[in-house]
Every structure is written in C-alpha cells, then in structure tokens.
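# Build the 3D model from these lines:
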Amino acid sequence: MTSLKICGIKDSDTLVLLQQLSVEYVGFVFTESKRQVTAEQARTLIEEARGIVKLNQLESKLETFPRLVGVFVNPDLPDLDDVFNQVPLDVFQLHGQETPEFCQMVQTRYGKPVWKAIGIGAGSDSISERLTSYKNSVQAYLFDTHDQNQAGGTGKKFIWTHIPDLQRMTAPLPAIIAGGISIENVETLLREYAPNLIDLSSGVETDGVKDASKIIELVERVKQHVASYKRTK
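Here you go, the predicted model:
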C-alpha cells in the first residue's frame, strides 16, 4: 500500500489538516526555495498545530501526528544541528550531491532515517551504480525529476515507465516517487506502479500556496485506491 507525503509546509492550518486526514509524512524545506522555512518558523508552526489539535480535544490523536521530514540540499553538519536542535525531525531527506559517507554520518549522528533523492534524467551516469553506492548508507531512495536549476519541487514528472526498474534496483529499500504528481494523474501512478510512498508539493497548490480542497481530494483518491486494493486481497 502507498503512503503519502505532502512537502513544502509553511502554515499551521495546513499541518492540522494533514493530521486530520491521517497523512503519514509532512516535509519542511530548509534550503533555498519559495517553500523554504527557517528552523524557528518550522518549530513555531508545529507547536501551533499541536496546540490546535489539543484545543479540539484530539490530544490522543497526537500519537498519529504526521512524521516530520526535513529537506536539505548539500548541508553541512552545523546546518543540520541548528535545525535538529529546534525541530523534532523524524527523517532527513538529502536532495543534493551528498556522498554516501555523509548520509551515513547523518544517520549515525541523529539516529534518524535518511532518504536520498536521486534525479532522473541527470545524465549518462549509471543509475544502478549510483544506487549501489548508497545502499548501506540510506533507508530509502526518493526519485524526482532532474533539473539543473532546481533541486526538486519543479512540478515536472519523469518518465514513469522507469519506475519498475527503479523499484527493482532499490529493493528491499523503499522507492519514493516525486515530481509532477497531481490529482489528475495520481490514480494512474498508484494503479500501475504501486509505489511505497508518493511525495507532492506543487500538485496540491494554487498560485504557489497549499490548497485545502486539493489536498482533501488528493487524499480521498489515495484512500479510495488503498480501499480498493484491500478488497482485492
């Protein structure tokens, strides 16, 4: 079954909505981007969201609060320390040219899973060799559309027919699919490729801002697919 991550969170209302919808992961972008937040901003909106949940007498639901993913591009350890000291991250997502050694260092230092983003369409180097080099250093791979000017969040999808090969090469580690996923195409992605986890940002935005109605519709389509999958088993 497919889990869901909504990335680029910048306000507490969206975070509360994602908690109410039982979205498994939320992402905060700690690198140059129109969706960038500082550690202080992320900490504040998380505290605000948890406070709203308590006020709504849903304190027991805090146990199912979305897991928090920090997105970084070529950080150094002081950068990560600054964020981790303020934000209770559950996952580090590394979206740059971080080496396998650095990924392992992050996992060891913070005791949290590391997801390594791999750009598809990045050139002639072998994807298989790149994946192999990280196999002992990360806990999941995230596949996104390569863009030389932007590390993710492009809203462009890569050629999805590559997904089965990517899933085969990463197994048993999860293959997370990102890039260009939207309400219009998510059911095709789920039905034909059944990824472990899908990651959206611009696909649930209107004019660059998270759109509650789009998020609700997207989550409903994912839930319908999961329910259908369970009925066939």
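# all contacts plus neighbour counts: C-alpha atoms, from now on.
OK.
# So what's the residue count around residue 185?
Using other CA atoms under 10 Å, the number of residues around residue 185 comes to 11.
# Need phi/psi at it.
With angles defined as degrees, to the nearest 10, residue 185 sits at phi -120, psi 0.
# quick one: it from residue 203, how far?
Separation of residue 185 from residue 203 (CA to CA, to the nearest Å): 10 Å.
# try residue 108
Distance from residue 108 to residue 203, by CA to CA: 33 Å.
# So these two - more neighbours on which side?
A direct count of neighbours by other CA under 10 Å for residue 108 and residue 203 places residue 203 higher, at 25 against 13.
# quick one, what contacts the more buried one?
Applying CA atoms under 8 Å, 6 or more residues apart in numbering, we find residue 203 in contact with 155, 180, 181, 182, 183.
# repeat for residue 35
8, 9, 10, 29.
# so which pair among these is furthest apart in space?
Greatest spatial distance in the contacts of residue 35: 10 and 29, 8.9 Å, computed using CA to CA.
# shared neighbours of the two, anything?
35, 36, 37.
# Which pLDDT does the model give the second one?
It stands for residue 36. Listed pLDDT for residue 36 reads 97.
# What's the separation between it and residue 14?
From residue 36 to residue 14 the distance is 15 Å (CA to CA).
# In strands, which of the contacts of residue 35 appear?
residue 29 (DSSP state E).
# pLDDT, distance to residue 131 and neighbour count added to the contacts of residue 35, as JSON lines?
Converted to JSON lines, these look like this (pLDDT from 0 to 100; distance: CA to CA, whole Å; neighbours: other CA atoms under 10 Å):
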{"residue": "8", "pLDDT": "97", "distance to residue 131": "26", "neighbour count": "24"}
{"residue": "9", "pLDDT": "98", "distance to residue 131": "28", "neighbour count": "21"}
{"residue": "10", "pLDDT": "97", "distance to residue 131": "31", "neighbour count": "21"}
{"residue": "29", "pLDDT": "97", "distance to residue 131": "24", "neighbour count": "24"}
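# which one of the contacts of residue 35 is nearest residue 116?
Among the contacts of residue 35, residue 29 lies closest to residue 116 (CA to CA), at 14.5 Å.
# The closest one touches residue 72, doesn't it?
Yes - the pair residue 29 / residue 72 is scored as a contact, 6.7 Å apart, by CA atoms under 8 Å.
# Packing partners of the lowest-mean-pLDDT helix or strand in the chain?
Counting by mean pLDDT, DSSP states H and E, the chain has its least confident helix or strand at helix 212-232, which shows a mean of 85. Counting contacts by 3 or more CA pairs under 8 Å, 6 or more residues apart in numbering; DSSP states H and E, helix 212-232 packs against helix 186-193.
# got the contact list for stretch 77-94?
39-40, 42-43, 67-74, 103, 112-117.
# Let's see that with 7 Å instead.
Residues from elsewhere that reach stretch 77-94, judged by CA atoms under 7 Å, 6 or more residues apart in numbering: 39-40, 42-43, 67-73, 112-117.
# buried subset of those?
Using 16 or more other CA atoms under 10 Å as the burial test, these include 39, 42-43, 67-73, 113-117 as buried.
# need the helices for the protein, in chain order.
Secondary structure of the chain (DSSP state H): helices located at 12-20, 39-55, 77-84, 100-110, 127-134, 163-170, 186-193, 212-232.
# Give me the contacts around the last one.
With CA under 7 Å, 6+ apart as the test, helix 212-232 has contacts from 1, 183, 187, 204.
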